[in-house]
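Visitor: give me coordinates for this.
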Amino acid sequence: MNRFKDKNVLVTGAASGIGLAVARRFLDEGARVVMLDIDEATLRKAASDLPQDRVLVQVGDTADKATATAAVKAAVERFSGLHVLVNNAGVATEGDIMATSEEDFTRVMAVNVAGYFHMAKAAMPELVKTRGSIVMTSSVSGLGGDWELFAYNTSKGAVSNMVRAMAMDAAKDGVRVNAVNPSFTATRMTEDMLAKPELVAEFRKRMPLGAPEDPEGVAAAMVFLASEDARLITGVNLPVDAGLMASNGQPHQ
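Guide: I've put the predicted structure just below:
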């Protein structure tokens, strides 16, 4: 497919995992891609084997408003516009409310919520010009609760409703806003989980299509939501969860 020929895409958290898979998929479909991440060394290594004429590397912390402004400006200056924003950068800390420090809670919210706000606000004027779209990485943790993930659940719950509110407001300008809600996916963020065979086995019991999910499968759904094929879809939180949320929670008989 070549759905994004001559289209410009900005992806945050693009150095690895879902973000890198998304960037690669957009490039495969003809797009020009701005790859933004805080980890400069990993980002530059990841981008080094991609088509250099269609890739622009940007380094920064999305929790900082200046990063968002600079990334959008760079996209417009290098590629003459912006058609898609993928809000994907994220962090997580473990613990219930009593175990979550104020510093950890503030950092998670700064990246996962305020970072998405900064990026979307900076990108929106350009997306209005192109009648573009925003796709965000939320989580099944933004649709239901987990044990011992208080800060992360709070942030992803905010993202899931941010998508709905933003979609309603942006529709008048022809901009669509959607999210994917993955479950357990093989990324750097889940390396500690992947190292626990018993935990992986428990996820496999709950995810009918198998666990862990691959970043490329999540990326395929995100690129679909950004495409013209999804032109009538906005305000959606799409579970890309290998069937996890199909269950009502009762055990297998």
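
Visitor: contacts and neighbour counts: CA atoms only from here.
Guide: OK.

Visitor: and the strands in the protein?
Guide: Secondary structure of the chain by DSSP state E: the strands cover 8-12, 32-37, 55-59, 84-87, 133-137, 176-182, 237-240.

Visitor: check contacts around Val180.
Guide: The contact partners of Val180, taken as Cα atoms under 8 Å, 6 or more residues apart in numbering, are Val135, Met136, Thr137, Ser138, Ser139, Val218, Ala221, Met222, Asn237, Leu238, Pro239, Val240.

Visitor: tell me if I'm right that the first one and Ala179 touch.
Guide: Yes - A contact is recorded between Val135 and Ala179 when judged using Cα atoms under 8 Å, the distance being 5.2 Å.

Visitor: what do these two both touch?
Guide: With Cα under 8 Å, 6+ apart, Val135 and Ala179 have common neighbours Met222.

Visitor: and these two? Which one has more around it.
Guide: A count of neighbours by other Cα atoms under 10 Å puts Ala179 above the other of Val135 and Ala179, at 31 against 28.

Visitor: residue contacts, the more buried one?
Guide: Val135, Met136, Thr137, Ser138, Ser160, Val163, Met222, Gly235, Val236, Asn237, Leu238.

Visitor: that one bridge partners, please.
Guide: Under DSSP bridges, the beta-bridge partners of Ala179 are Met136, Asn237.

Visitor: what distance do you get for it to Asp6?
Guide: From Ala179 over to Asp6 the distance is 23 Å, taken as Cα to Cα, to the nearest Å.

Visitor: got a list of what the residue nearest to Asp173 when sequence neighbours are not counted touches?
Guide: Excluding its sequence neighbours, the residue lying closest to Asp173 (Cα to Cα, 6 or more residues apart in numbering) is Val128, at 5.8 Å. Val128 makes contact with Asp173, Gly174, Val175, according to Cα under 8 Å, 6+ apart.

Visitor: also Val135?
Guide: Contacts of Val135 (Cα under 8 Å, 6+ apart): Val84, Leu85, Val86, Asn87, Val177, Asn178, Ala179, Val180, Met222, Leu225, Ala226.
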